[in-house]
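K.L.:
Generate coordinates for the sequence data below:
(one chain, ligands or ions: 2)
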Amino acid sequence: MFLRFIGLIVILYGLQACDHSSNNKKSHLGEFELISHLSLLDQNMPAIQPGDWLAQHPETGQTLPEYIYIRPVSPNDSQRVIYLQPIGNFNADQDSIVKATAGYLQLFFRLKTCILPPVSDSLIPSASRRTREDGSEQLHTKYILDSILQPAIPADAIVVMAVTAKDLYPKDSWNYVFGEAYTKKRTGVSSLHRYYEDGLNNALCLKRFIKTSSHEISHMFSLLHCTNAICSMNGTNNLKEADSKPNRLCSVCLSKLYWNLEFNNIQRLSDLKDFFKAHGLESDYQLADQDLKCLTKKLRP
Ligand SMILES: [Zn+2]
Ligand SMILES: [Zn+2]
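P.N.:
Ligands and ions are numbered 1, 2, ... in the order given. Model (predicted):
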């Protein structure tokens, strides 16, 4: 009962904060209450270890009212397509992973997702690329976001994410990033490069890339990193930490995305479950199955 009371305060505060928002959201109390039941399946964050994201970036998370208050990027009648912009060359395996990822994102966000014709990475000047000791080349995220994507956002796009098979770096002082995104400027970038470290394993690479891509696009819908529970919106500092996160949004992050995109939660989870099954992603399938069972049980009289 106490938990339910707190949940109601959050919802009521959310509705109040909603009045500050420019877009006229009709919040559905029943759906928020339904999502709140998923908190029973949220797993607590593990103790912070040296080298973890939170050890180096002490973040405090973002509640639903805080999310609503910042007026998140939100689709409207004329801007509601997610675009992927491939940059540079992809081999056949990488190409199929990008295509499967577009399918996943469409199920995850419930918005039409399209892949734009690829552009050459020769667009990126030498000042915005560097070669590492092992000979691999890295591309500067800022040039991709500000000079390639921003001037060419399609008229019907709500967000655009560049995808590349090359490694990325955000600042000269950083070794690399898996991806990066603006929370208000509707652009982001994700890289496949780091996901083949364990040898060629397409299922593992897909598992990782759908996680990074949905994480970065959620940032583009103004979600900040999650500190509420183990969640695909947790910040991650390295591949080991990234691999410890599931392809699952915690109940708080799901409530933010639901507030913004107003999708059918049951249908969404059912579709994600089917995707995980079809691609052999067993642990993600199990989590989606648990969430779906929890929601459908609550719906039964
Ligand atoms: Zn992030
Ligand atoms: Zn979360």
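K.L.:
CA atoms for contacts and neighbours, from now on please.
P.N.:
Will do.
K.L.:
Make sure residue 180 is indeed in a strand.
P.N.:
Yes: secondary structure of residue 180 (DSSP: H, G, I helix; E, B strand; the rest coil): part of a strand.
K.L.:
can you offset everything so residue one is 479?
P.N.:
New numbering, starting at 479: the last item is residue 658.
K.L.:
Which parts of the stretch 579-728 of the chain are strands?
P.N.:
591-593, 607-609, 615-618, 635-642, 645-647, 657-659, 665-669 (DSSP state E, counting those that start in this stretch).
K.L.:
Who's the closest spatial neighbour of the most centrally placed residue in the chain, skipping the chain neighbours?
P.N.:
Geometric centre of the chain, nearest residue: residue 693, 1.9 Å, by C-alpha atoms, centre = their mean. Excluding the flanking residues, the one nearest residue 693 by C-alpha to C-alpha, 6 or more residues apart in numbering is residue 711, at 5.7 Å.
K.L.:
Could you verify my assumption that that neighbour touches residue 700?
P.N.:
No: Residue 711 is beyond contact range of residue 700, at 11.5 Å (criterion: C-alpha atoms under 8 Å).
K.L.:
List the buried residues for stretch 592-608?
P.N.:
Residues 592-593, 596, 599, 602, 606-608 are the ones in stretch 592-608 that count as buried (16 or more other C-alpha atoms under 10 Å).
K.L.:
I meant to write stretch 735-755 there.
P.N.:
735-741, 743, 746-751, 753-754.
K.L.:
Now do it: everything it contacts.
P.N.:
The contact list for stretch 735-755 (C-alpha atoms under 8 Å, 6 or more residues apart in numbering) reads 503, 505, 550, 552-553, 582, 585-588, 696, 699, 701, 760, 762-764, 766-767, 769-770, 773-774.
K.L.:
what residues does the protein put near ligand 2?
P.N.:
704, 709, 728, 731 (C-alpha under 5 Å from the ion).
K.L.:
Repeat the analysis, applying 6 Å as the threshold.
P.N.:
Listed as neighbours of ligand 2 in the chain under the rule C-alpha under 6 Å from the ion: 704, 706-707, 709, 711, 727-728, 730-731.
K.L.:
Kindly indicate the member of these with the most neighbours.
P.N.:
residue 711 (28 neighbours; other C-alpha atoms under 10 Å).
K.L.:
distance of it from residue 514?
P.N.:
17 Å (C-alpha to C-alpha, to the nearest Å).
K.L.:
No more questions from me, cheers.
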